[in-house]
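Asks: Predicted structure and sequence below. I'll ask about it afterward.
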Amino acid sequence: MSDVVERFMRYVQVDSPSDPENEEETPSTPLQHGMAHMLGQDLEEIGCVDVQVDEHAYVTATLPASAGAEELPALCLCAHIDTSFDAPSLDVRPHLVHYEGGNLLAGTVDGKEVYTTPDQVPDLKKFVGQDIVCSDGSTLLGADDKAGVAEICSLLSRLVANPQMPHPALKIAFVPDEEIGHGASLLDLDKLGAAWGYTVDGEDLGEFSYETFNASAAVVRIRGVMVHPGTAKGVMVNAITVASEFMQMVPAAERPEHTSDREGFYHPTSVRGTASDVSLAFIVRDHDAAIFEQREQTLRDIAAFLNKRYGEGTVEVSIHEQYRNMAEAFGDCPFLIDNALAAYREAGVEPNVIPTRGGTDGSQLSLRGLPCPNIATGGYNAHSVREFIPVSSLETTVDILQNLVAKFAVPQRA
């Protein structure tokens, strides 16, 4: 088992989900501290310096530059340590499947096979005869983003073992709570000391992104008027009924299950309550800033319409921004894009430049002054019990990162 695969198999067995119901605390779950402390120890064993694990489960470290690159700007490599709450995420049991074609079987749960078909993931045909890491089908795997964590650590280990490999000082940042939109928000960029960087996150091998959604989270609070149903005529306002009307007025064709590429969406993520009080949660996404603002306004307009029908204050919408499209941050440093594309090709991978239908920690970092596009990890079916990652993708991504950091061992030209 190669270094990166061993690390990945070990990391995914450490429970570290984030919790959207506790986003006021960082990290949102105490389990993330365990992952952070393991990584701090691993970075010290690799040979990094200035390794720090703080009270918020942020892990930072430095790998000093190779000979001749000491005076060049430092480069950040960033990944997140939390896993998604969209699928069961505790007690992950990874295993290797030697894939011979057909359905990729992760495991059997309650007598039912959990698998991915070639129709669902056409790339499966590329991996016939190869080993693939899956969960046992009862949980997600955690390749998002422990694959990125393992790939960065494996790169560092390789560079320490081969000091002739060129690279600038590398500033490492492993951060919590990316999956709930918090991510790198508490990362002290002045203290980190990097001029630019890359996140290592995302899905299939070859994807490269320097454009993300604009993103916000919306909470719709509906307050009904409750009386005994026997005397309700003309008086009762059932919050469940109003919530249903609200949902019906959100454009149905603009939900994620009906959109792709650069199309944005409204995504209802939870509903809870009673006839007297209901809360709806949405996430709103769009690559285009103007259309994004229109989407937010649509939710406010629906609330205003229903308040005219049922009375002012019946429906309240609160919206908070999560991240912005990071594409605007790369005008002064196109080499971040050029170097990444060249690094892919040198590893024998043709890059696929895509607008990410999501966000990365780079969304925050780029707009805070640390331009930070994204290198894919090689995983598939993120946030799902069908999540998997081919061994070859883990190993090739380390090669891509090696090629990439070498390009920053010389001065860059804007």
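Replies: Here it is on my side, so go on.

Asks: quick one: residue 73 and residue 65, what's the gap?
Replies: 10 Å (CB to CB, to the nearest Å). (Glycine included, C-beta is placed from N, CA and C.)

Asks: meant to ask about residue 228
Replies: 75 Å.

Asks: quick one, helices of this structure?
Replies: 3-12, 31-46, 143-161, 189-192, 239-249, 289-310, 335-346, 361-367, 391-406 (DSSP state H).

Asks: Which among those helices is found nearest to residue 207?
Replies: In terms of CB to CB, the element of the helices of the chain nearest to residue 207 is helix 335-346, at 9.5 Å.

Asks: Let's see the pLDDT reported for the nearest residue to residue 118 once chain neighbours are set aside.
Replies: Closest residue in space to residue 118, ignoring its immediate chain neighbours: residue 124 at 4.7 Å, by CB to CB, 6 or more residues apart in numbering. Looking at residue 124, its pLDDT reads 97.

Asks: now do residue 322
Replies: For residue 322, pLDDT reads 84.

Asks: sorry, back to before: more neighbours: which of residue 73 and residue 65?
Replies: residue 65 (20 against 14; other CB atoms under 10 Å).

Asks: do you know how far the more buried one is from residue 165?
Replies: 11 Å.

Asks: Please apply the same query to residue 259.
Replies: 42 Å.

Asks: can you check residue 136 too?
Replies: 37 Å.

Asks: which residues sit against the helix or strand of the chain with the lowest mean pLDDT?
Replies: Every helix and strand in the chain was compared by mean pLDDT, DSSP states H and E; the lowest is helix 361-367, with a mean of 89. Identification of contacts with helix 361-367 by CB atoms under 8 Å, 6 or more residues apart in numbering yields 76, 78-80, 173, 175, 178, 183-185, 187, 189, 197-199, 201, 212, 215, 323-326, 328-330, 371-374.

Asks: switch to 6 Å and redo it
Replies: 78, 175, 178, 183-185, 199, 212, 323-324, 326, 329, 372, 374 (CB atoms under 6 Å, 6 or more residues apart in numbering).

Asks: Tabulate the residues you listed (TSV), appending distance to residue 270 and neighbour count.
Replies: As requested, the contacts of helix 361-367 are arranged in TSV below (distance: CB to CB, whole Å; neighbours: other CB atoms under 10 Å):
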residue	distance to residue 270	neighbour count
78	29	32
175	24	30
178	19	27
183	21	28
184	25	27
185	22	17
199	27	32
212	23	24
323	20	24
324	24	20
326	27	27
329	32	23
372	30	29
374	27	29
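
Asks: Looking at these, which is nearest residue 129?
Replies: Closest to residue 129, out of all of those and judged by CB to CB, is residue 374, at 29.2 Å.

Asks: which residues pair with the closest one across the strands?
Replies: residue 199, residue 209 (DSSP bridges).
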